[in-house]
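Q: next comes the sequence, and after it the predicted model I'd like to discuss.
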Amino acid sequence: MSPFFVMSLLFGLTFGQTASLCAPSEYTIHVEKRECAYCLAINTTICAGFCMTRDSNGKKLLLKSALSQNVCTYKEMLYRTALIPGCPHHTIPYYSYPVAVSCKCGKCNTDYSDCVRERVRTNYCTKPQKLCNK
């Protein structure tokens, strides 16, 4: 192996994250309950963006940990709770949602993220809409 190749490889592994564009991004969640009269549009932040990944063509030369496929995921988040208007007394009118405070490129945690593919877009209201700002 040439010294240039080794230095390029080490540089890419060390500083690859600096080229990533993963950051909190504005997002609107639409929440409805069958029993409630309104749909609630909640403005929040999610982690979105591009993360550098490593090509596995050189997998015989590198450690397995160096071949990870990183995703844009939460570094720090908090949960807020919103009140869905127009709910009858026997219904719990609260909805908790995540707010991204900071993001990172890393392995996907299936405890709070969909790591497989983008879900079908169902982010809309079928009832009259109320707005909730974070």
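A: Received it, and whenever you're ready, just let me know what you need.
Q: strands of this protein, start to end?
A: Here the chain has its strands, by DSSP state E, at 21-31, 39-50, 71-83, 94-106, 129-133.
Q: can I get those strands in CSV including mean pLDDT and mean neighbour count?
A: Using the backbone N, CA and C atoms, a C-beta is placed for each residue, glycine as well. Shown next, in CSV, are the strands of the chain (pLDDT from 0 to 100; neighbours: other CB atoms under 10 Å):
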stretch, mean pLDDT, mean neighbour count
strand 21-31, 92, 15
strand 39-50, 91, 18
strand 71-83, 92, 15
strand 94-106, 93, 16
strand 129-133, 69, 13
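Q: please report how far residue 27 lies from residue 129.
A: To residue 129, residue 27 is 16 Å away according to CB to CB, to the nearest Å.
Q: now residue 88
A: Distance from residue 88 to residue 129, by CB to CB: 19 Å.
Q: cool, and residue 77?
A: 25 Å.
Q: could you do residue 45 as well?
A: Between residue 45 and residue 129 the computed distance is 20 Å (CB to CB).
Q: what does residue 52 give?
A: When distance is defined by CB to CB, residue 52 is 39 Å away from residue 129.
Q: same thing with residue 109?
A: The gap separating residue 109 from residue 129 is 31 Å, by CB to CB.
Q: do the same with residue 74
A: Distance, residue 74 to residue 129, using CB to CB: 27 Å.
Q: do the same with residue 90
A: According to CB to CB, residue 90 and residue 129 sit 23 Å apart.
Q: could you do residue 83 as well?
A: Going from residue 83 to residue 129 by CB to CB gives 15 Å.
Q: number of nearby residues for residue 109?
A: Residues lying near residue 109 (other CB atoms under 10 Å) number 11.
Q: give the contact list for the closest residue to residue 75 other than its chain neighbours.
A: In space, and not counting its chain neighbours, residue 75 is closest to residue 104: 4.0 Å by CB to CB, 6 or more residues apart in numbering. Taking CB atoms under 8 Å, 6 or more residues apart in numbering, we find residue 104 in contact with 22, 72, 73, 74, 75.
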